[in-house]
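> Output the structure for:
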Amino acid sequence: MKVVVIGGGWAGCSAAYFAKKAGAEVALIERTDLLLGTGLVGGIMRNNGRLAAAEEARVLAGDDFSRIIDSVTRHRNVNFPGHRHADLYDVTRIERAVKNALEQSGVQIYLKTLISSVLVQGTRIFSVSDQGGNEFPGDAFIDTTGTAGPMKNCIKYGTGCAMCILRCPTFGPRISVTAKAGIKEIQAGDGLSQFEAISGSCKLAKESLDKTIVQELNKKGVVIIPLPEQYHKHDILRKKACQQYALEEYATNLILLDTGHAKLMTPFFPLESLRSIDGFHEAKYADPYSGGQGNSVRFMAMAPCQPSLQVEGLENLFCAGEKIGPVVGHTEAIITGMLAGHNAVRKAKNMPLIVLPGELVIGDFIAFVLEHMKNAGGLKYKFTFSGSVYFERMQKLGFYPVDREKIRRKIEDLGLTNVFSKFL
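Purely as a prediction, here's the structure:
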């Protein structure tokens, strides 16, 4: 029994990990030389409603995956505008920690491997092949190729290639397994309202900033610096993928978070303007390299899928992360990867697929996103546990604030305790 995961971001790593836990032989295929994708420049966990999702995931699947992240966490319980009790992990150390855990679990990792073709017969995928002609057969497949890139999309919808961590010019473009398998994706520009968005933050090299800023950042995890009025950036907020940060404070201040680099919470900021501000006279972008002008474009192609995360039209293809819809965040990628990985093994063993019930915030979230994917108007939203329309829904339904004991009892009553950590 073999599960093949294509795409090594947070969703792909989670899918591979939990497919292995369920008993499959797992191949994880990533086109670049590093795992985690945008997780290499992200770093924010457990802020706002993400804490509830993380607590549910812990009871559903055990602590071991979350402990990987905790091992490289720099700051805990950090508050910043619009967000509470965030954990900030070290983006310079996270990839090695995740890769070690996957290798120790027995996942086979293939880096610098760009999948270019898919063998489909009827409604089943039998194998995928890379550009070198190497074939990867499987009983079930998981598409976690994401929605950012290729470079032509950043040129068409953005301000050109942002030279971001995805590095399309070096490792090749994003290639969707769903599309290669003949399934029509939901794509920006296909007669729909424009739902693509720009990645929501940049990274500054700490050594390029004033020492007093760095000292405060290292100590507190957050630094907030008021902007001169001429640099207020309200127009940028509506372009952000991360609508949970589209708040007034982010337009009128420079907000920095310590994730190893100095995470600047804006899609881009003109370098010449940034360098005119005290403490930033020698500022240099670490990611993306064109952060003074633009950022990468996301949500370009998403897969139609069921609440089990099975792709519609193919019986043994699943998806996770941004492939399911315009979802934002590492937690969101991890929990969908967890479900897709487990269900892929269930499909390979001809077992009933799990659909998480609406009594759980994870189940409600997936159902809410997929319902909005059915109409063009719903595509204008970005979905995350940490803000915007879904966080508002969480609060109305009583999922937030978080009651850990209530979560534990609810999952126990549903008979789902440790369901994703069990060998099938």
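> What count of nearby residues applies to residue 326?
When neighbours are counted by other CB atoms under 10 Å, residue 326 registers 25. C-beta: built from backbone N, CA, C; applies to glycine.
> Quick one: residues contacting it.
195, 197, 241, 299, 302, 369, 379, 381, 382, 383 (CB atoms under 8 Å, 6 or more residues apart in numbering).
> now with 7 Å?
For residue 326, the contacting residues are 195, 299, 379, 381, 382, 383, by CB atoms under 7 Å, 6 or more residues apart in numbering.
> Relative to residue 301, how far out is it?
11 Å (CB to CB, to the nearest Å).
> and what of residue 206?
For residue 206 relative to residue 301 (CB to CB), the value is 35 Å.
> repeat for residue 414
Counting by CB to CB, the gap from residue 414 to residue 301 is 34 Å.
> If you count surrounding residues, which of those two has more?
residue 301 (23 against 15).
> Show me what that one is bridged to.
Bridge pairing for residue 301 (DSSP bridges) gives the partners residue 187.
> where does it land on pLDDT?
pLDDT recorded at residue 301 is 90.
> before we move on, what about the one 3 residues further on?
If you check residue 304, the pLDDT there is 97.
> Can you name the residues that contact it?
Listed by CB under 7 Å, 6+ apart, the contact set of residue 304 reads 183, 186, 311, 312.
> contacting residues for the closest residue to the second one other than its chain neighbours?
Read that as residue 186. In space, and not counting its chain neighbours, residue 186 is closest to residue 302: 4.6 Å by CB to CB, 6 or more residues apart in numbering. Residues in contact with residue 302, defined by CB under 7 Å, 6+ apart, are 147, 185, 186, 322, 323, 324, 325.
> Would you mind putting those residues into CSV with neighbour count, distance to residue 12 and secondary structure alongside?
Output for the contacts of residue 302, formatted as CSV (neighbours: other CB atoms under 10 Å; distance: CB to CB, whole Å; DSSP: H, G, I helix; E, B strand; the rest coil):
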residue, neighbour count, distance to residue 12, secondary structure
147, 28, 13, coil
185, 17, 18, coil
186, 20, 20, strand
322, 30, 11, helix
323, 29, 10, helix
324, 31, 13, helix
325, 29, 17, coil
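> Following element in sequence after the lowest-mean-pLDDT helix or strand in the chain, please.
Ranked by mean pLDDT, DSSP states H and E, the weakest helix or strand in the chain is helix 234-237, scoring a mean of 73. Counting by DSSP states H and E, the element after helix 234-237 in chain order, helix or strand, is helix 248-252.
> For that following helix, name the packing helices and strands.
For helix 248-252, the packing partners by 3 or more CB pairs under 7 Å, 6 or more residues apart in numbering; DSSP states H and E come out as helix 234-237.
> Can you show me the CA trace of the helix it packs on as PDB?
Once non-C-alpha atoms are left out, helix 234-237 reads as follows in PDB (Å, rounded to 0.1, in the frame of the first residue of the first chain):
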ATOM      1  CA  HIS A 234      -4.200  51.500   3.300                       C
ATOM      2  CA  ASP A 235      -4.300  50.600  -0.400                       C
ATOM      3  CA  ILE A 236      -2.100  47.600   0.200                       C
ATOM      4  CA  LEU A 237      -4.400  46.000   2.800                       C
END
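> Which residues are in contact with the closest residue to residue 270 other than its chain neighbours?
Counting by CB to CB, 6+ apart, residue 292 is the residue found nearest to residue 270 once chain neighbours are left out, at 5.3 Å. By CB under 7 Å, 6+ apart, the residues touching residue 292 are 268, 269, 270, 271, 285.
> Compare those residues and tell me which has the most neighbours.
Within the contacts of residue 292, most neighbours by other CB under 10 Å means residue 268, with 25 neighbours.
> That residue and residue 202 touch, don't they?
Yes: using CB atoms under 7 Å, residue 268 is in contact with residue 202, at 6.3 Å.
> which residues do the two both contact?
Common contacts of residue 268 and residue 202 (CB under 7 Å, 6+ apart): 291, 295.
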